[in-house]
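K.L.:
test case, fold it:
(2 chains)
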Amino acid sequence: MILKPSRDDAKLIGWGIGRVILGVGLLMTVPLAVSLICSEWNVALDFLIGMLCCTAFWLAMELTCKTDRDFGWQHGLIVASGGWLVAMVFGAIPSFLSMHYETFLDACFDLMSGYTTTGLYLLQDLDHLSHGMNMWRHLLTYVGGQGIIVIALTFLFAGTAGAFKIYASEGKEEKLLPNVISTARAIWMISLSYLFVGSALLWIALLREGMPVGRGFLQAVWLFMGSWSTGGFAPQSLNLLYYHSLAIEVITMVIFVIGSLNFALHYAVWTGKVGEIWRNIEVRSFTFTIMLGSVILSIGFAKFGVFTHFSEFFRKGFYILISGHTTTGNSTVYSVSLYREFGFIAMWAVIMVMAIGASACSTGGGFKGLRMGILFRYLRGEVRKLASPESAVVAEKIHHVKDIWLDDPMVKGAMFIIVCYAVTYALGAMLGIMYGYDPNVAIFDAVSAGSNTGLSAGLTSPLMPAAMKVYYIFAMWAGRLEFVSIIALFSFGGASIRGRKGRKG
Amino acid sequence: MRVVTSLVGAITVIILVPACALLSSTTYAFADGERVTTQELIENAEAYDGRKVVIEGEVVGDIMIRGTHAWITVNDDTFSERSREEGGELTGISNYGIGVWLPAREVEEIRILGGYKSKGDRVRIQGVFHRADPENGGDMDIHGTYLEVLEPGYPINHPFAWWKLILILAFSVVVLLLGGMWWKRSRAS
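P.N.:
Okay, the predicted model is just below:
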């Protein structure tokens, strides 16, 4: 029997979402400060309007939805999934006011792309965009990488016993510390430490490559945010191709590889367990798939004959491969080049690694290395069972911070999420093909959106049909939250309409 | 016999005329030193690879001097004619541009670079297009040999948006009212 959610359930969810939106409003103080420092007055006004809208929404929720109940699992899931949607709408206000978007839907697309660290964008005339708005775009990816909920937990949910339920609903199941608020703060501590070091390195490299001091500083911070979060945004329309620099490419590559690693692995290394890097199932899975991808890419390049030197393979092929595998989306080639200059085989190597994606509990998307590892070990166990005597007991384990024995629920859980991703990719691809796009391009962009990568073979543009924009927003959102919260939100909606009234605990 | 000759003649004309037209247009498009757009270059990279080309557009972003040479970025999309900040129309296409690798002395003429606050100098560049430049790690670029400033850039004026200020005042009233109610309720409880 499906129970209709009570008024208190709705109030609790509304209150939680209100807090998340307050977090979005507080975030806008950063681009507001940048606009004021750079004397971009109209841009500053855009952010003030955005902040006031967020504050008004939060106050309205506090007044109408305040309740003494604590979060249950269902509430946590819905606050996470619903919070991201509402945060998209409120975050899009200053972006839309910048007048660089054709429609509000385009602005929402970019916001969701930013929050989910995808990196696809529909903004027009990026090369004439203000510093304030560029700061907003990059900050979104940086914050989105850690999770909007993580930031809200860090500052706005202190003292809430059900906080773990909201935290876990954002696609992060691992607690680094016993207390979830401390875990959220640890995630921020790790990210901010890398921000200082990574930005400083990039700044030095940019100065060496001829960039002026002031612009170099801003671009270093933005490039770090785009890379670390595996978002892939960059302040210029040519993305990483703009800099024509091996040093910048190597530094960003290191940053997005580190950013794509599991926060639990980061924490283990930070606390002195360096050996964890070599034993971790996700690192091993990533190493194997990147080697496989490199072999396929090399075959493709050799066959197509455009990038034939080692430096070209490294800076165009390998860079894009790692960028795709970590679901970053930073690019050293034009969008159309992925289709025209890479050739069919190399393009499919990139599609494969994008679909697999980065680590669980990281800033990245895709199936995730952990699930690929579980699946591989499960299949290996099945083969070993077939080859062993009937009486033999065959068990497989994985190492992820600690040794974990594989059991059926774990395998089923991993399989379920992998199937959800595959269906999301397939639906996006079919939609693209139905609209008349080349099948390779349609598949490439659909996988890129669903895995939160952000590389594009040329399909994603403000001219794409509105239905595809809506679907891509859905794919980015569902892919980032790993489907469970989304299913909970739809179930909640269904229960509100069709469920029976009853008492809920 | 006359009918056969006429038929052959007619068929020859039907086949040859479009073929000649096609050939001449092909020759025209790919002629060395011809003015092209960056979109044409990117989408037909194989055909233009290693050819002399001329592009015209706005210099945006930065001049990055590296020893005896420098990198600039030249955009020739619709926003290079009139940027969004000047009220240029949204065309559904984002920027189209290309990196140009030039002797450093050539870029000395450039005064203003395109960005939020300025329209960059409009330049004409002559150079050789590379589909995958072996000197620069496979970048798609132009090795420029000659740069000419066609029109100087200028600062973009952003008139203060008073309507946004009015909107802020209106929202502030709403926030103050809601805030007052919330504060009252918090004190009461």
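
K.L.:
run through the helices of the stretch 351-500 of chain A in chain order.
P.N.:
With DSSP state H, counting those that start in this stretch as the criterion, the stretch 351-500 of chain A has helices at A:369-387, A:408-434, A:439-450, A:466-481, A:484-498.

K.L.:
where does chain B dip in pLDDT?
P.N.:
Counting by pLDDT under 70, chain B contains low-confidence ranges at B:1-32.

K.L.:
list the buried residues in the strand ranked longest in it.
P.N.:
For chain B, the strand that runs over the most residues, judged by DSSP state E, is strand B:52-66. Residues B:Val53, B:Val54, B:Ile55, B:Glu56, B:Gly57, B:Glu58, B:Val59, B:Val60, B:Gly61, B:Asp62, B:Ile63, B:Met64 are the ones in strand B:52-66 that count as buried (16 or more other Cβ atoms under 10 Å in any protein chain shown). In short, each C-beta sits where N, CA and C put it, glycine included.

K.L.:
quick one: is it near chain A?
P.N.:
Yes. Strand B:52-66 comes into contact with chain A (Cβ under 8 Å from any Cβ of the partner chain), by way of B:Val60, B:Gly61, B:Asp62, B:Ile63, B:Met64, B:Ile65, B:Arg66.

K.L.:
that strand packs against which elements?
P.N.:
The contact analysis (3 or more Cβ pairs under 8 Å, 6 or more residues apart in numbering or on different chains; DSSP states H and E) places strand B:52-66 against strand B:34-35, helix B:38-43, strand B:69-75, helix B:78-81, strand B:97-103, strand B:122-133, strand B:139-151.

K.L.:
ok, so of the residues of strand B:52-66 next to chain A, who is nearest chain A?
P.N.:
The closest of the residues of strand B:52-66 next to chain A to chain A turns out to be B:Met64 (Cβ to the nearest Cβ; 3.4 Å).

K.L.:
residues in the stretch 1-150 of chain A within reach of chain B, list them.
P.N.:
Checking the stretch 1-150 of chain A against chain B by Cβ under 8 Å from any Cβ, the hits are A:40-42, A:45-46, A:48-49, A:52-53, A:55-56, A:59-60, A:62-63, A:97, A:99-102, A:121, A:123-131.

K.L.:
narrow the residues you listed to those that are buried.
P.N.:
Among those, those buried by neighbour count (16+ other Cβ under 10 Å) are A:40-42, A:45-46, A:48-49, A:52-53, A:55-56, A:59-60, A:62, A:97, A:99-102, A:121, A:123-131.

K.L.:
in this structure A:Leu481 contacts A:Trp84, no?
P.N.:
Yes. Contact criterion Cβ atoms under 8 Å: A:Leu481 and A:Trp84 qualify, at 6.8 Å.

K.L.:
which residue does the stretch 301-450 of chain A have closest to chain B?
P.N.:
For the stretch 301-450 of chain A, Cβ to the nearest Cβ, closest residue to chain B: A:Glu312, 3.3 Å.

K.L.:
not counting sequence-adjacent ones, nearest residue to that residue?
P.N.:
B:Gly138 (3.3 Å; Cβ to Cβ, 6 or more residues apart in numbering or on different chains).

K.L.:
now do the contacts for the one you found.
P.N.:
By Cβ atoms under 8 Å, 6 or more residues apart in numbering or on different chains, B:Gly138 lies in contact with A:Phe307, A:His309, A:Ser311, A:Glu312, A:Arg315, A:Lys316, B:Ala132.

K.L.:
thinking again about what came up before, so the residue of the stretch 301-450 of chain A closest to chain B, which state does it fall into?
P.N.:
Using DSSP: H, G, I helix; E, B strand; the rest coil, the three-state assignment for A:Glu312 comes out as helix.

K.L.:
from A:Trp477, how far out is the closest residue to A:Thr424 other than its chain neighbours?
P.N.:
If the residues on either side of it in the chain are set aside, A:Thr424 comes closest to A:Gly450, at 4.3 Å by Cβ to Cβ, 6+ apart. From A:Gly450 over to A:Trp477 the distance is 10 Å, taken as Cβ to Cβ, to the nearest Å.

K.L.:
common neighbours of these two, please.
P.N.:
With Cβ under 8 Å, 6+ apart applied, the contact sets of A:Gly450 and A:Trp477 do not overlap.

K.L.:
tell me the domain boundaries of chain B?
P.N.:
What automatic domain parsing lists as the domains of chain B is B:1-30, B:32-155.

K.L.:
select, out of the ones you listed, the one closest to A:Leu223.
P.N.:
Closest approach to A:Leu223 among the domains of chain B (Cβ to Cβ): domain B:32-155, 13.5 Å.

K.L.:
from the chain's centroid, how far away is that closest one?
P.N.:
Centre-to-centre, domain B:32-155 and its host chain are 7 Å apart (Cα atoms, centre = their mean, to the nearest Å).

K.L.:
which residues touch whatever residue of the stretch 101-250 of chain A ends up closest to chain B?
P.N.:
Nearest residue of the stretch 101-250 of chain A to chain B (Cβ to the nearest Cβ) works out as A:Gly210 at 3.4 Å. Listed by Cβ under 8 Å, 6+ apart, the contact set of A:Gly210 reads B:Asp62, B:Ile63, B:Met64, B:Ile65, B:Arg66, B:Ala70, B:Trp71.

K.L.:
the fourth one contacts B:Arg105, correct?
P.N.:
It refers to B:Ile65. No. B:Ile65 lies out of contact with B:Arg105 (Cβ under 8 Å); the separation is 10.6 Å.

K.L.:
was I right about B:Arg84 contacting A:Ser130?
P.N.:
No. B:Arg84 is beyond contact range of A:Ser130, at 10.5 Å (criterion: Cβ under 8 Å).

K.L.:
could you give the backbone dihedrals for B:Val36?
P.N.:
Main-chain torsions, B:Val36, degrees, to the nearest 10: phi -130, psi 170.

K.L.:
now B:Gly138
P.N.:
Per-residue torsions, B:Gly138: phi 90, psi 10 (degrees, to the nearest 10).

K.L.:
that one and A:Phe314: what is the separation?
P.N.:
As judged by Cβ to Cβ, B:Gly138 and A:Phe314 stand 9 Å apart.

K.L.:
quick check: domain ranges of chain A?
P.N.:
Split by automatic domain parsing, chain A gives A:7-259, A:275-420.

K.L.:
could you dump the ones you listed to a markdown table with mean pLDDT?
P.N.:
Below are the domains of chain A laid out as a markdown table (pLDDT from 0 to 100):
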| stretch | mean pLDDT |
| --- | --- |
| domain A:7-259 | 88 |
| domain A:275-420 | 91 |
